[in-house]
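*Asks:* Please work out how this folds:
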Amino acid sequence: MRPRLLGSAVAALSAAFAAAADTPPSRTAPPVPAAQEKWQPATAPGAARTIFGIGMPAGPVSAVAPVTPVPVATLPDLPEVVTGPDATPVVAPVPALTLPPVPVPVPAKPVPAALPAIPDAPKPATAPLTLPPIPAAKVPIPAAKVPAPAPPAPTVVVPPAPVVAQPRPTELPVVPPPKAVVPPGPTPPNTLPAMPAAGPPAAAAAPMAATPPAPYKFHDDHLGPWNTVWVRGGYNYLWIKDAPVAPVVAATGALGNNNPGTRILLGRQDVEYDGFSGGSVEGGVWVDERHTVGFGLSGFITDRQSTMSVVGTDGSAGSGVIVRPFFNPLLGGLGGQDALLVAAPGRFAGTIAVETAARLAGGEAYALINLCNTKAWTANLSVGFRYFDLDETLTVSQVTRGLNGNTIPFFGAGTQVAAVAVTDRVRTRNQFYGGQVGGDFEYRTGPVFVNLGTKVGLGPVHQVVEVTGETRGPGGASGPGGFLAAGTPPNGNIGRSTTNYFGVLSDTNAMVGVYVSSRVRLGFGYEFLYLNTVARPGRQLGQTIDPRSVPVTASFGGRAPSSTLVGGPGTPPLNPIDRDDFFAHGLKFLFEFQY
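*Replies:* Sure thing, here's the model as predicted:
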């Protein structure tokens, strides 16, 4: 019970001390009763004062402001348990303990923020006292109301309001219990989890090695053209390189220095073709969602274009002489110059014609990669396979008819006929197979577009040369061999030969056009195609001929002598596969549909 009384006294004194600090100095404290002098410490004048363990500075009393009497806090009587003679507890009333008011000095200056600690009073051993539970105070907390934001107002400086001291309550405030609700029952011991034993200090981590920056990875997420499928078709009008005709086909006399007046009628000149008409078609599709990868096919073909040149006479007086000059390896003192008669006044009537023909075709299969695409321009890269085909022929035809009883040898001197037809024919075919890489760039402004493209292919050129000859007589009689195409290897050139050469094919085009609608457009352009190696017919025939291989000579098939021929071993005609370059160029008219 005594600790309870002392704790209540200390709490009352603390409340009195706090109330005295807020009491105005004008109030006068009443004198302390004599019965309570035992609670006042004895101090000498001018000595330092100690009030309940609190040291006060020495000095005159006037330095301390008047104190205000604190009402006496009267505690209720508590029963005291007394044991009687028969060990029966007897409850005796305990007189009330009245605490006198304690004057608390109020310093002229503010009380320092930190006060010395008050030592605890000795606690005598007493029996444990069980107190009734203190009911929890329920203080209603009004809900906070958030005002609506107000417009900014000018800053107003408001002077601080005077602080009015409020009197302390006469009763001790009720301290609310903590929010946590403890269930009824024995209180668990206040134990803390065991702390782990302190081990040796961890070793310092080794410094991390500098990590090189990750390599930059290119990421492309652009969108290609809007269309998914495209189909193009058009008309092509092309010109090709002139066809060479190397040998002299017809002249007015034998060749060489001994015949300075000889005039060449056919041969040793290039034959110019007219334009080739053809068509082209192309189609493709973008295969991915972003239209950046696609595949396409295209092809073109032209018609067969031909040319013909003819010279001849009817054998009348003054009509002139037409011969086919050649170099005879069996001929002696005249330097090898010789000639085959075609027409002569009063003796033979004859004509000779040179005909050439050609056709172009090609195609490609490619993969298309869109490099970039905007509203104004598009750039694509293409990789694929390219095929190109050049097919040409050269035909030399001679027709000779005897006049006034003159005859012509037919497969030897033993047979004479009144008329013969001699045909020499050479066909060449050049087929390019190769890989191709290229690209195209297109610029658009309004309804107008401009497209530029180039492609280069590398691969073999498969070259085929076919040489045939034929001689026909009256009544349908005929035999192999002509004049420029005569004999079989090793003493002739009739036959078929093939070879392969590495080729480079380039294709460049430019086009300008307009959009008729969002899906249809028309264009007009120019294209140039070049191939570095081809075999052309006019370069596969030589001028050196062994007359024993020609069916219309007297020495055909043997060693028969003549005024211009001498016997000897046969010499094969010159039969190289001579090569040339080739180009084609022309105009293109385009129709394109996009979907």
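
*Asks:* and A419, what does it touch?
*Replies:* 399-402, 408, 473-474 (C-beta atoms under 8 Å, 6 or more residues apart in numbering). From N, CA and C alone the C-beta is placed, and that goes for glycine too.

*Asks:* Now list the buried members of the residues you listed.
*Replies:* 399-402, 408, 473 (16 or more other C-beta atoms under 10 Å).

*Asks:* Dump the residues you listed to CSV, plus distance to S382.
*Replies:* Putting those into CSV (distance: C-beta to C-beta, whole Å) gives the following:
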residue, distance to S382
V399, 52
T400, 56
R401, 59
G402, 64
I408, 60
G473, 58
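
*Asks:* out of the residues you listed, who's nearest F524?
*Replies:* V399 (46.3 Å; C-beta to C-beta).

*Asks:* where do the strands sit along the stretch 201-350 of the chain?
*Replies:* 229-240, 243-251, 264-271, 276-286, 293-302, 305-313, 322-327, 337-343, 348-373 (DSSP state E, counting those that start in this stretch).

*Asks:* among those, which is the most enclosed?
*Replies:* Ranked by mean neighbour count under mean count of other C-beta atoms under 10 Å, these are led by strand 322-327, which reaches a mean of 24.

*Asks:* I figured A485 hits R425, correct?
*Replies:* Yes. Look at A485 against R425 with C-beta atoms under 8 Å: they come within range, at 6.7 Å.

*Asks:* Pull the contacting residues for S280.
*Replies:* So S280 contacts 232-234, 236, 298-300, 588 (C-beta under 8 Å, 6+ apart).

*Asks:* Among the residues you listed, which pair sits farthest apart?
*Replies:* Of all pairs in these, the most separated under C-beta to C-beta is G299 and K588 at 13.8 Å.

*Asks:* and which of the buried ones among the contacts of A419 is nearest to M511?
*Replies:* Nearest member of the buried ones among the contacts of A419 to M511, counting by C-beta to C-beta, is V399, at 48.5 Å.

*Asks:* secondary structure element for that closest one?
*Replies:* Counting by DSSP states H and E, the element that carries V399 is strand 377-402.

*Asks:* follow-up on the earlier one: reformat the contacts of A419 as CSV; add pLDDT and distance to Q463.
*Replies:* Putting the contacts of A419 into CSV (pLDDT from 0 to 100; distance: C-beta to C-beta, whole Å) gives the following:
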residue, pLDDT, distance to Q463
V399, 96, 32
T400, 95, 34
R401, 95, 38
G402, 94, 41
I408, 93, 36
G473, 93, 35
P474, 91, 39
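
*Asks:* quick one: which of the residues you listed is nearest to F432?
*Replies:* Checking the contacts of A419 one by one against F432 (C-beta to C-beta), the nearest turns out to be V399, at 37.9 Å.

*Asks:* one step back: now render the strands of the stretch 201-350 of the chain as CSV, adding distance to V520 and mean pLDDT.
*Replies:* CSV is the format used below for these (distance: least, C-beta to C-beta, whole Å; pLDDT from 0 to 100):
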stretch, distance to V520, mean pLDDT
strand 229-240, 11, 96
strand 243-251, 39, 87
strand 264-271, 41, 88
strand 276-286, 15, 97
strand 293-302, 19, 97
strand 305-313, 32, 94
strand 322-327, 58, 89
strand 337-343, 59, 89
strand 348-373, 20, 96
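
*Asks:* out of those, nearest to T499?
*Replies:* Across those, closest to T499 is strand 243-251 (C-beta to C-beta), at 18.4 Å.

*Asks:* List the contacts of the closest one.
*Replies:* With C-beta under 8 Å, 6+ apart, strand 243-251 has contacts from 255, 262-271, 273, 307, 311, 322-325, 339, 342, 352, 354, 356, 358, 392, 394, 396, 484, 536-539, 541-543, 578, 580.

*Asks:* what angle do that strand and strand 377-402 make?
*Replies:* 10 degrees (axes from the mean of the first three to the mean of the last three C-alpha atoms, to 10 degrees).

*Asks:* Just grab the bridge partners of the residue lying closest to V396 once chain neighbours are set aside for me.
*Replies:* If the residues on either side of it in the chain are set aside, V396 comes closest to D424, at 4.4 Å by C-beta to C-beta, 6 or more residues apart in numbering. Beta-bridge partners for D424, by DSSP bridges, are V396, G469.

*Asks:* With L266 instead?
*Replies:* A250.

*Asks:* Looking at the record's assignment, how would you partition this structure?
*Replies:* What automatic domain parsing lists as the domains of the chain is 1-28+63-127, 229-594.

*Asks:* just to revisit the earlier point, nearest to N380, of the strands of the stretch 201-350 of the chain?
*Replies:* It is, among those and with distance given as C-beta to C-beta, strand 348-373, at 5.5 Å.

*Asks:* tell me the angle of that closest one relative to strand 305-313?
*Replies:* Going by the same axes, to 10 degrees, strand 348-373 makes 160 degrees with strand 305-313.

*Asks:* Ok, which of the strands of the stretch 201-350 of the chain comes nearest S555?
*Replies:* strand 337-343 (10.9 Å).

*Asks:* Could you check how far P551 is from Q431?
*Replies:* Using C-beta to C-beta, to the nearest Å, P551 is found at 33 Å from Q431.

*Asks:* G481 now?
*Replies:* G481 is 29 Å from Q431, by C-beta to C-beta.

*Asks:* quick one, which of these two is more surrounded?
*Replies:* Under the neighbour definition other C-beta atoms under 10 Å, G481 and Q431 were set side by side, and G481 has more, 24 against 18.

*Asks:* Looks like the more buried one contacts G492 (just checking).
*Replies:* Yes. G481 sits in contact with G492 when judged by C-beta under 8 Å, with a separation of 7.5 Å.

*Asks:* Please enumerate the shared neighbours of those two.
*Replies:* What both G481 and G492 touch, as defined by C-beta under 8 Å, 6+ apart, is the set S549.

*Asks:* Give the closest residue to V461 in space, chain neighbours not counted.
*Replies:* G503 is the one closest to V461 (C-beta to C-beta, 6+ apart), at 3.8 Å.

*Asks:* ok, what's across the strand from the one you found?
*Replies:* Where G503 sits in a bridge, its partners, by DSSP bridges, are G459.

*Asks:* List the contacts of it.
*Replies:* 432, 434, 458-461, 531-533.

*Asks:* If we use 10 Å, what do you get?
*Replies:* 388, 430-434, 457-463, 531-534, 581-582 (C-beta atoms under 10 Å, 6 or more residues apart in numbering).

*Asks:* Please apply the same query to V514.
*Replies:* Counted by C-beta under 10 Å, 6+ apart, V514 has contacts 446-449, 521-524.

*Asks:* does it sit in a helix, a strand or a coil?
*Replies:* strand (DSSP: H, G, I helix; E, B strand; the rest coil).
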